[in-house]
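Novice: coordinates only, sequence not included:
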DNA sequence: GAATATTGACAGGATTTATTGTCACATACA
DNA sequence: TGTATGTGACAATAAATCCTGTCAATATTC
């Protein structure tokens, strides 16, 4: 109990160091979690099932995550990061007009969603199953989206820049509109073409900016 | 098995008929469900707890509901009905201008939410915990809201009435904006005054209508 | 007042799932 | 090649909760 000699037996295994193996397992679990959560839903998913999908055993699950909730948070964070990166790239490349910026946001967002329906399902739907202890996860992601919208595309909020509160509500409303339409789109199995959805929301964004 | 003699022993008890008692119990369970779901969350709520709150035993739970899911659907339907009625009344009383209609919708909606935070929590947050088998419940409620917005307040969609699809997306977007802002408001414990929220969304609704 | 429907309290089986533990096998290093 | 460590399959414990069944107490009708 007194002197733990750091116990560093760490040795390479299959060409990977201890840390590499561990983070590899973690990634596999995150990927498996994404797949299982999206396929059968958060509630129905079991730790065992996720481990089978990852080709690992429960023991390694608890090596990286404390619980199913914990894993979901990691999976969700992964999704948020991914869509954030896509938005960033698209915004960098876009012209500096309100319309170009708005279109860039919508194109990137809905593009990512359509590219990978499993990812979309976690990002938009399964996250809602978390319950009240973890709703802050969703809320924080939405807030981040909202803040980015305000700072990265100020072109969309030219007016009431004096009234900060009003702008915040407007931004939250726009985020809500985008996310909600996206959710319906996913749940409808992408019935309408992406471009149609984008044009519909573009109307709303541009109307709000004027 | 062949002839069930309808077994109608039905007799009055405490001044109520069989049907009255049963529906009374059902109502008590719905009320208790609302309270418990809103207080500790859908996931954490147990059938037993709800029964205690209702002053009934599990046996009567299963008399009216097949499962916790089933009860929640009833609770949620109750909430939707309630907010629907409030919207109906408010819209009847409002003038026929876009602004009056929009304000009526927002006032009624956020008024109901503020009046009863437990109700609001179920309507806006707990419903998201249902998981993928039951997401249609939420979606249908949103669709209903969206359709009502289009039919009851056509003043808000004066433009592209030719392009039906576009109008639908716009309506869905507005519903998403309203619901999302409402959710944030509830989660923030009504930090801002209601009127401020309403004004912010009014901006958006009126901008979209022009 | 007797018979019977109705209710309320409670117990307990059954099921599900998380979480920890054991053991044989595979891999790397001396 | 031998030994210690990493890994994977699987068992077993533990806990939670659903759902059903029993039984005595209560209310109503005849």
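Specialist: Now that the structure is in, tell me what you want to look at. Here the structure is a predicted model, which means the values were calculated and not measured.
Novice: Tell me where chain A is predicted with low confidence.
Specialist: A:1-9, A:159-162 (pLDDT under 70).
Novice: could you redo the last one with a cut-off of 80?
Specialist: Applying pLDDT under 80 to chain A flags residues A:1-10, A:131-133, A:158-163.
Novice: give the contact list for the residue most central in space within it.
Specialist: Centroid-nearest residue in chain A: residue A:80, 2.4 Å away (criterion: C-alpha atoms, centre = their mean). Residue A:80 makes contacts with A:123, A:141, A:144, as judged by C-beta atoms under 8 Å, 6 or more residues apart in numbering or on different chains. For glycine as for every other residue, the C-beta is placed from the backbone atoms N, C-alpha and C.
Novice: For the second one, which non-adjacent residue is spatially closest?
Specialist: Once flanking residues are discounted, residue A:141 sits nearest to residue A:80: 5.0 Å by C-beta to C-beta, 6 or more residues apart in numbering or on different chains.
Novice: Kindly report the same for the first one.
Specialist: Leaving aside its chain neighbours, residue A:123 sits nearest to residue A:79 (4.4 Å; criterion: C-beta to C-beta, 6+ apart).
Novice: Thought residue A:119 was touching that neighbour, still the case?
Specialist: Yes - if you go by C-beta atoms under 8 Å, residue A:79 and residue A:119 touch, sitting 5.6 Å apart.
Novice: Are there residues contacting both of the two? Which ones?
Specialist: residue A:34.
Novice: more neighbours, those two?
Specialist: Set side by side, residue A:79 and residue A:119 show more neighbours around residue A:79, with 25 against 19, by other C-beta atoms under 10 Å in any protein chain shown.
Novice: Could you tell me the phi and psi values at the more buried one?
Specialist: Per-residue torsions, residue A:79: phi -70, psi -40 (degrees, to the nearest 10).
Novice: which residues touch it?
Specialist: Contacts of residue A:79 by C-beta under 8 Å, 6+ apart are A:34, A:119, A:122, A:123.
Novice: With distance to DNA strand D and secondary structure as extra columns, can I get those residues in a markdown table?
Specialist: Output for the contacts of residue A:79, formatted as a markdown table (distance: C-beta to the nearest atom of the strand, whole Å; DSSP: H, G, I helix; E, B strand; the rest coil):
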| residue | distance to DNA strand D | secondary structure |
| --- | --- | --- |
| A:34 | 20 | helix |
| A:119 | 26 | helix |
| A:122 | 25 | helix |
| A:123 | 28 | helix |
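Novice: ok, those vs residue A:17, which is closest?
Specialist: residue A:34 (25.6 Å; C-beta to C-beta).
Novice: Show the contacting residues for the residue nearest to that closest one when sequence neighbours are not counted.
Specialist: Leaving aside its chain neighbours, residue A:34 sits nearest to residue A:75 (5.2 Å; criterion: C-beta to C-beta, 6+ apart). By C-beta under 8 Å, 6+ apart, the residues touching residue A:75 are A:30, A:33, A:34, A:37, A:122.
Novice: how about the one helix or strand residue A:75 maps to, does it get close to DNA strand D?
Specialist: When elements are assigned from DSSP states H and E, residue A:75 belongs to helix A:68-93. No - Helix A:68-93 stays clear of DNA strand D (C-beta under 7 Å from any atom of the strand), getting no nearer than 14.0 Å.
Novice: Report the buried residues of that helix.
Specialist: Buried residues in helix A:68-93, counted by 16 or more other C-beta atoms under 10 Å in any protein chain shown: A:68, A:71-76, A:78-80, A:83-84, A:86-87, A:90-91.
Novice: what do you get for stretch A:12-30?
Specialist: A:25, A:26, A:28, A:29, A:30.
Novice: re earlier: so which of the contacts of residue A:75 comes closest to chain B?
Specialist: Nearest to chain B among the contacts of residue A:75, counting by C-beta to the nearest C-beta, is residue A:37 at 9.5 Å.
Novice: Grab the nearest non-local neighbour of residue A:25.
Specialist: Residue A:25 sits nearest to residue A:60 (C-beta to C-beta, 6+ apart), 5.1 Å away.
Novice: so how far is residue A:71 from that neighbour?
Specialist: 12 Å (C-beta to C-beta, to the nearest Å).
Novice: if I look at these two, which residues touch both of them?
Specialist: Any residue near both residue A:60 and residue A:71 by C-beta under 8 Å, 6+ apart counts here, and that gives residue A:29.
Novice: tally of neighbours for residue A:205?
Specialist: Residue A:205 has 23 neighbouring residues, counting by other C-beta under 10 Å.
Novice: Could you pull up the contacting residues of it?
Specialist: By C-beta under 8 Å, 6+ apart, the neighbours of residue A:205 are A:102, A:105, A:106, A:156, A:174.
Novice: Considering those, which possesses the most neighbours?
Specialist: Within those, most neighbours by other C-beta under 10 Å means residue A:174, with 29 neighbours.
Novice: that older thread, want to throw the contacts of residue A:79 into CSV with distance to residue B:205?
Specialist: Compiled in CSV, the contacts of residue A:79 are given as follows (distance: C-beta to C-beta, whole Å):
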residue, distance to residue B:205
A:34, 37
A:119, 32
A:122, 31
A:123, 27
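Novice: For the closest residue in space to residue A:204 that isn't next to it in sequence, list the residues it contacts.
Specialist: Excluding the flanking residues, the one nearest residue A:204 by C-beta to C-beta, 6+ apart is residue B:173, at 4.8 Å. Counting by C-beta under 8 Å, 6+ apart, residue B:173 touches A:177, A:178, A:180, A:181, A:200, A:201, A:204, B:208.
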